[in-house]
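Engineer: Quick one, what's the 3D model for this:
(2 chains)
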Number of protein chains: 2
Amino acid sequence: MNRIQRVQKELERANADYLITGTTSNMYYLIGFSEEQMERPLLLFITRDDYFLLVPKLYEEQLKQFPLIVYRDGEDPYSKLNLKENSNVLIDDTTFSLFTIEILNRFKPGRIGRASRILGKLRQVKDDEELEKMEKGVKKAEQLILEFVSNIKENMTECQIERKLKSFLIEEAGNISFDPIVTSGPNSSMPHLRCSDKKVKRGEAIVIDYGIKHDGYSTDTTRVFSLGKPNDPLILEIVEIVKTANEEAEKHVREGMRAKEIDYFAREVITNKGYGDYFIHRTGHGIGIDVHEDPYISPDNDDVIEQNMVFTIEPGIYLPGKFGIRIEDEVVVKKGYGKTLNMLQKELYII
Amino acid sequence: MNRIQRVQKELERANADYLITGTTSNMYYLIGFSEEQMERPLLLFITRDDYFLLVPKLYEEQLKQFPLIVYRDGEDPYSKLNLKENSNVLIDDTTFSLFTIEILNRFKPGRIGRASRILGKLRQVKDDEELEKMEKGVKKAEQLILEFVSNIKENMTECQIERKLKSFLIEEAGNISFDPIVTSGPNSSMPHLRCSDKKVKRGEAIVIDYGIKHDGYSTDTTRVFSLGKPNDPLILEIVEIVKTANEEAEKHVREGMRAKEIDYFAREVITNKGYGDYFIHRTGHGIGIDVHEDPYISPDNDDVIEQNMVFTIEPGIYLPGKFGIRIEDEVVVKKGYGKTLNMLQKELYII
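Structural biologist: Below you'll find the model as predicted:
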């Protein structure tokens, strides 16, 4: 059964009429076509027994192997559609809202829900081909970061490092899975801060969170670096706690447990050391075509862990005004237990 | 009046209660904050007399200068909101649908519409600071492509060239506005084809459509190249027609005319030469923070052209199985007339 057919079966089970997606990772997953989302509708519609694409004229030639409804610039794309009113529609999570709003106002669905109910569940369990791509991706990403870090010198700004890393990853790997995060010293206490013009100094914690796209699949890894020995003994202490939390979670991964239990193993280590309030995010997230996808490894997620799921384990401790430490790996669930895909050391790297 | 206040005035005029945006270009325009969209809601809500952000805990420190509603991973973010039911809601066009669907199902708005009605109109007229950034961006992008093209050698694949160009632009300019399009020979007849493993050959048309982000603003330019003299005299003929169409449209840009009239000037040249059916897209699009924004220069757009709008003029002719040619500039509307920001020659570049 191909992926479209699996969706059709799930549509029937969910008693839904349409699943609609723009040019997101779900379209790539379903038909292998990838494009940035733009203001022109380029949408895939799946019904219980059919599917078609609504496409601008300028994509007609390149998509001719699919059933198409084509419109020209200046025509009203939605007038070409013949959707039932009052239907039960599922829309892809990351499709732009403008399409959802047009569909809502034009076709007055009776119910509208998130397609991730179906697609998130299908995508979170990887097949062998996907797993092979992902393992290779992590290996490649690790080689690249080791090659890269010798370029980091004192007094470069975070953004200079970020830019160099980004262009290096694209040149070597073809693409990145997200803009790398490079923060240093007090800035590293903000887990998702963009880089700044702050210069990196000897002995500071430098957190690098980065990923590549390899054969369509994302990687996501975080390690901590320092130019020379850390200037604050607390850095090594915190690295040790976070490393233990990371290892505790990874070694307890089992098929059949709940996602929140994995979160618990990491969180318990940090809480017991008195830093629970400074671990301000969940322990991890699924990864695949998207860098964040099901299953989310968070304190409230009751989802059951299955074989061939892949997710990150990335506990962190963030001390405002001082520094933050996060150590992030990818784990795949094999028969029964978890296997960490990363080989990089978890200790602070002194460069 | 700041940008939030201008939105509030427009909300009142539109009789709308909320304008909601995710971490898109509109959030950057409104409060200067930029982040990739993710699955966690990080949303800006503007009411007629107030505004606030709904943010995950891990962004609290970096956004503390704004009024915040903070949630932790594992908490239900939407339960922290207190939106009126049956209200009139405008949602940002490119915000992920998952947020729109949650808002729809949780707060049952009476009406839901596209925020671009308000924000597209505000953003399409640039202020002096924005124009200065955009002019500088085009200048920089042009220098970079001239520097780059000497790297193109026979038998490199399109994707090798694309990857090199992308990493070069990121290293030199900090960021790109979209993945560059590099197509050659018959592939160039598909205006938005991603690169392939096809090798570039001497004498073929090579179309490069690329842009950088400079100080938060996008550029977008297309030129045609050939390694040595073109091997088909039709290439030069078509370049000449497209160049004339491009120039006719650019020289007729006037404050007060309608967008569709500009489209007409380009289209007429191509139609008169018998290639009307092969000009398969609109003539251009507004540009600013986003690479595509209002005003769209398309056959059906009655919008009136105003001073300080910036848009592309990019007619093209696409001959399936043979080649395609597109020449794209950015034009700013000055007092009365249009000024082309690009200085690159419009003729085929022989490299």
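
Engineer: From now on I want contacts and neighbour counts done on CA atoms only, so please keep to that.
Structural biologist: Will do.

Engineer: just the strands in the stretch 151-300 of chain A please.
Structural biologist: A:175-176, A:181-184, A:206-210, A:212-214, A:217-218, A:221-226, A:284-286, A:293-297 (DSSP state E, counting those that start in this stretch).

Engineer: and the residue nearest the centre of chain A, how far is that from B:Glu162?
Structural biologist: By CA atoms, centre = their mean, chain A has its centre lying nearest to A:Val291, at 1.5 Å. Relative to B:Glu162, A:Val291 is positioned 23 Å away (CA to CA, to the nearest Å).

Engineer: now do A:Glu347
Structural biologist: Taking CA to CA, one finds A:Glu347 at 37 Å from B:Glu162.

Engineer: and what of A:Asp50?
Structural biologist: From A:Asp50 across to B:Glu162, the span is 36 Å (CA to CA).

Engineer: Between those two, tell me which one has more neighbours.
Structural biologist: Between A:Asp50 and B:Glu162, B:Glu162 has the larger neighbour count (other CA atoms under 10 Å in any protein chain shown), namely 23 against 12.

Engineer: Leaving out chain neighbours, which residue sits closest to that one?
Structural biologist: Spatial nearest neighbour of B:Glu162, excluding adjacent residues (CA to CA, 6 or more residues apart in numbering or on different chains): B:Val182 at 5.8 Å.

Engineer: now do A:Gln307
Structural biologist: Of all residues not flanking A:Gln307 in the chain, A:Val333 sits nearest, at 5.0 Å (CA to CA, 6+ apart).

Engineer: Say whether chain B is contacted by the longest helix along chain A.
Structural biologist: When chain A is parsed with DSSP state H, its longest helix is helix A:128-148. No: Helix A:128-148 does not reach chain B (CA under 8 Å from any CA of the partner chain); its nearest approach is 14.2 Å.

Engineer: contacts for that helix?
Structural biologist: With CA atoms under 8 Å, 6 or more residues apart in numbering or on different chains as the test, helix A:128-148 has contacts from A:165, A:168-169, A:172-173, A:211-215, A:217-220, A:288, A:308, A:341-344.

Engineer: For A:Leu30, see how far away the nearest residue to A:Gly216 once chain neighbours are set aside is.
Structural biologist: Closest residue to A:Gly216 apart from its sequence neighbours, by CA to CA, 6+ apart: A:Ile289 at 6.0 Å. As judged by CA to CA, A:Ile289 and A:Leu30 stand 11 Å apart.

Engineer: The two - which one has more neighbours?
Structural biologist: Shown here are A:Ile289 and A:Leu30; by other CA under 10 Å, A:Ile289 has more neighbours (23 against 17).

Engineer: A:Lys64 is in contact with A:Val55, correct?
Structural biologist: No: shown here, A:Val55 and A:Lys64 do not form a contact pair, counting by CA atoms under 8 Å, at 10.4 Å.

Engineer: Quick check: phi and psi on A:Thr340?
Structural biologist: Note on A:Thr340: its backbone torsions stand at phi -80, psi 130 [degrees, to the nearest 10].

Engineer: who's in contact with it?
Structural biologist: Residues near A:Thr340 by CA under 8 Å, 6+ apart: A:250, A:329-332.

Engineer: can you tell me how far it sits from A:Lys126?
Structural biologist: A:Thr340 sits 16 Å away from A:Lys126, going by CA to CA.

Engineer: ok, now A:Glu250?
Structural biologist: A:Glu250 sits 19 Å away from A:Lys126, going by CA to CA.

Engineer: When those two are compared, which one has more neighbours?
Structural biologist: Between A:Glu250 and A:Lys126, counting by other CA under 10 Å, A:Glu250 is the more crowded of the two (25 against 18).

Engineer: Does A:Leu348 touch A:Leu236 like I think?
Structural biologist: Yes: A:Leu348 is in contact with A:Leu236 according to CA under 8 Å; the separation is 7.5 Å.

Engineer: Who has more neighbours out of those two?
Structural biologist: Between A:Leu348 and A:Leu236, A:Leu348 has the larger neighbour count (other CA under 10 Å), namely 22 against 17.

Engineer: any idea how far that one is from chain B?
Structural biologist: Relative to chain B, A:Leu348 is positioned 22 Å away (CA to the nearest CA, to the nearest Å).

Engineer: Show me how chain A divides into domains.
Structural biologist: Here the domain parsing of chain A from automatic domain parsing is A:3-123, A:125-350.

Engineer: Can you redo the ones you listed as a markdown table, where the extra columns are mean pLDDT?
Structural biologist: Formatted as a markdown table, the domains of chain A follow (pLDDT from 0 to 100):
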| stretch | mean pLDDT |
| --- | --- |
| domain A:3-123 | 96 |
| domain A:125-350 | 97 |
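
Engineer: Can you say which of the ones you listed is packed in most?
Structural biologist: Among the domains of chain A, the stretch with the highest mean neighbour count (mean count of other CA atoms under 10 Å in any protein chain shown) is domain A:125-350, at a mean of 20.
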